[in-house]
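Participant: Please work out how this folds:
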Amino acid sequence: MGMIANYQFMTDEQLNALKNFKNNSEELLEEVEEWGEQTEIFLDIDKMWDVLHFVLTGVDSSNPIPNNPLSEAVVGVQALENISEFVAYTEKARIADVLSALEAFDMDQALSHFSMEACKKAELYPDIWDYDDEKDEIIEEIADYFESMKDFYREVLAAKGSVMVTIC
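Facilitator: Numbers count the residues shown, from 1 in each chain. I've put the predicted structure just below:
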């Protein structure tokens, strides 16, 4: 199946609950899943989160860049610790900066230099970088997810919410 990244709108109440969650990670993941079923603002970028982070920032997502809104767009601002899966959040005060950075980013230019070899060398997830014949499809998928991510952050900003990122 693989690790899939999901992004979802969070209300202030949900954000506070996430920040103050004291139970075990299984209970947290169940709660997060329940929130996902209730939200209308949701984005699934499947397994392309690591390569999207790489295209946006030049580094893989295991090395998030503090105070970099492009990095934060993919992996959030604050990751929760001591849980079995990756869960992070971005508070609503930071959403406009994230959206502005995404809108200013020249994805066409970045993808014109896209290299399957660079992705392989960086050991990006998922391990699909030996399939050169699929490069055009992968580039199209990255571009589509990038546009979807901009749309998602626009909706979250309009709704005045925060964002939760889960990768599991």
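
Participant: what sits up against the longest helix seen in the chain?
Facilitator: In the chain, taking DSSP state H as the definition, the longest helix is helix 135-159. For helix 135-159, contacts defined as Cβ atoms under 8 Å, 6 or more residues apart in numbering pick out 7, 9, 41-43, 45-46, 48, 51-52, 55, 73-74, 92, 95-96, 98-99, 102-103, 105, 107-108, 111, 114, 116, 128, 162-163. Where C-beta positions appear, they are placed from N, C-alpha and C, glycine not excepted.

Participant: Now a ChimeraX select for only the buried ones of those.
Facilitator: To isolate the buried ones among these in ChimeraX, judged by 16 or more other Cβ atoms under 10 Å, type:
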select :7,9,41,43,45,48,51,52,55,73,74,92,95,98,99,102,105,107,114,116,162,163
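
Participant: Now, the contacts of helix 135-159 that are in helices?
Facilitator: 51-52, 55, 73-74, 92, 95-96, 98-99, 102-103, 107-108, 111, 116.

Participant: which one among those residues gets closest to Ala17?
Facilitator: Nearest to Ala17 among the ones in helices among the contacts of helix 135-159: Lys92, at 15.1 Å, using Cβ to Cβ.

Participant: Phi, psi for Gln78 please.
Facilitator: Torsion angles at Gln78 (phi, psi; degrees, to the nearest 10) stand at phi -120, psi 110.

Participant: Per-residue pLDDT of it, please?
Facilitator: What the model reports as pLDDT for Gln78 is 95.

Participant: Verify the contact between it and Tyr89 for me.
Facilitator: Yes - using Cβ atoms under 8 Å, Gln78 is in contact with Tyr89, at 5.7 Å.

Participant: Comparing those two, which residue is more hemmed in?
Facilitator: For Gln78 versus Tyr89, neighbours defined as other Cβ atoms under 10 Å are more numerous around Tyr89 (20 against 15).

Participant: Show me what the more buried one bridges to in the sheet.
Facilitator: Beta bridges link Tyr89 to Gln78, Met164, judged by DSSP bridges.

Participant: how close does it sit to Glu117?
Facilitator: 34 Å (Cβ to Cβ, to the nearest Å).

Participant: Could you do Gln14 as well?
Facilitator: Taking Cβ to Cβ, one finds Gln14 at 41 Å from Glu117.

Participant: rewinding a little: mean confidence for the longest helix of the chain?
Facilitator: 98.

Participant: can you list the weak-confidence ranges in this structure?
Facilitator: 1, 22-25, 36 (pLDDT under 70).

Participant: can we see that at 90?
Facilitator: 1-2, 17-40, 63, 80-85, 168 (pLDDT under 90).
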